[in-house]
Each structure stands twice: as structure tokens, then as C-alpha cells.
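Peer 1: model this:
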Amino acid sequence: VEIVKGIVQETKPDFIVAIDALAARNSKRLNRTIQIADTGIHPGSGVGNQRNAINRETVGVPVIAIGVPTVVDAATIVNDAMENLLAALESSEMLKGVGVVMQGYSAAEKYELVKELIAPHLNGMFVTPKDIDDTVKRISYTISEALNLLFSNQV
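Peer 2: Below is the predicted model of the structure:
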């Protein structure tokens, strides 16, 4: 934040475009979505490593945040697997009753239950796909081309 503040003071930009990696809350969103917001970024917040925010309040100019989910925590992976298991159980006539208990839980309650169950072993573990370097290169190219088109008035 201090470096960005210094750059803002020297260059006096109209706004900042900040690009950040995000922690996905669903495995299906991993490396597949691009989130854009005008609220700035909070580095490390998705992985429990809070740092100072980069937003209008901290740097003095509007901050457009572009984020891509590139990591997922172990609890999310287990929760997604459990959801798939429950869906499979519901479609099976023989095992239909097994998943009934979990149907009463909200998505947030299921996630918290999974976090508690894996806490002694996997809590705090984050995973990224093995091809992350190529993926980041491809996504960063996509974002850079979009920004180049936007700011070159060729849209």
C-alpha cells in the first residue's frame, strides 16, 4: 500500500487498476472467471493472510479490481466432492435416504461442517492446479488485451 500511495502521489492518476489472485469458494470457478469490482483489493484476505487494503480510502483515488480465482482451499475441494456425492445418492433409488440428513443444511453450514471435520489435517491448505503457470500466462494475456482495447479507444 505504501508503494502504491507513493506512485499515486508522484503520478496523480485518475484511477488505479489492480489485478489480484483470488481464492475460489467453488472448484468450478477455479481459473474460469474474471471478477471486476470498483471496491479495490484486500490482498491475502482469501487465504487468511490479511494485508492493508488498496482502495479509494487508502490510496486516494478510485481502484478498479480485477481478480481471478487461482487457488482453492482443501475444505472447498472436500465440500464440492461431498455435494457431488449427495447428488449421486439422490439419484440412486437404493441409497436415496442416506443424503436426506445433509439436505437440511445450507451451503454455508455444509462448508463449516467440512472445515471442522478436516481441521486437524488439512485446514489452511490451499491448492492450485498443476498447470498454473500456463494458466496465469493465458489469463494475464486475456486481461491485458482487454485493457489495451479499452484504453486505446478501439472498442
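Peer 1: what packs against the helix ranked longest in the chain?
Peer 2: What stands out as the longest helix in the chain, according to DSSP state H, is helix 132-151. Packed against helix 132-151, as judged by 3 or more C-beta pairs under 8 Å, 6 or more residues apart in numbering; DSSP states H and E, are the following elements: strand 16-24, strand 63-73. C-beta: built from backbone N, CA, C; applies to glycine.
Peer 1: in that helix, what's buried?
Peer 2: Neighbour counts over helix 132-151 (16 or more other C-beta atoms under 10 Å) mark 135, 139, 143 as buried.
Peer 1: need the CA coordinates for it. CSV is fine.
Peer 2: Output of helix 132-151 as CSV, limited to C-alpha atoms (Å, rounded to 0.1, in the frame of the first residue of the first chain):
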residue,chain,number,x,y,z
ILE,A,132,-1.0,-22.8,-13.1
ASP,A,133,2.0,-21.1,-14.8
ASP,A,134,0.5,-21.6,-18.3
THR,A,135,-3.0,-20.7,-17.0
VAL,A,136,-1.8,-17.4,-15.4
LYS,A,137,0.1,-16.6,-18.6
ARG,A,138,-3.1,-17.1,-20.7
ILE,A,139,-5.4,-15.3,-18.3
SER,A,140,-3.0,-12.3,-17.9
TYR,A,141,-2.8,-12.1,-21.7
THR,A,142,-6.6,-12.0,-21.9
ILE,A,143,-6.9,-9.3,-19.3
SER,A,144,-4.0,-7.2,-20.8
GLU,A,145,-5.6,-7.4,-24.3
ALA,A,146,-9.0,-6.3,-22.8
LEU,A,147,-7.3,-3.4,-21.0
ASN,A,148,-5.4,-2.4,-24.1
LEU,A,149,-8.6,-2.4,-26.2
LEU,A,150,-10.4,-0.4,-23.5
PHE,A,151,-7.7,2.3,-23.2
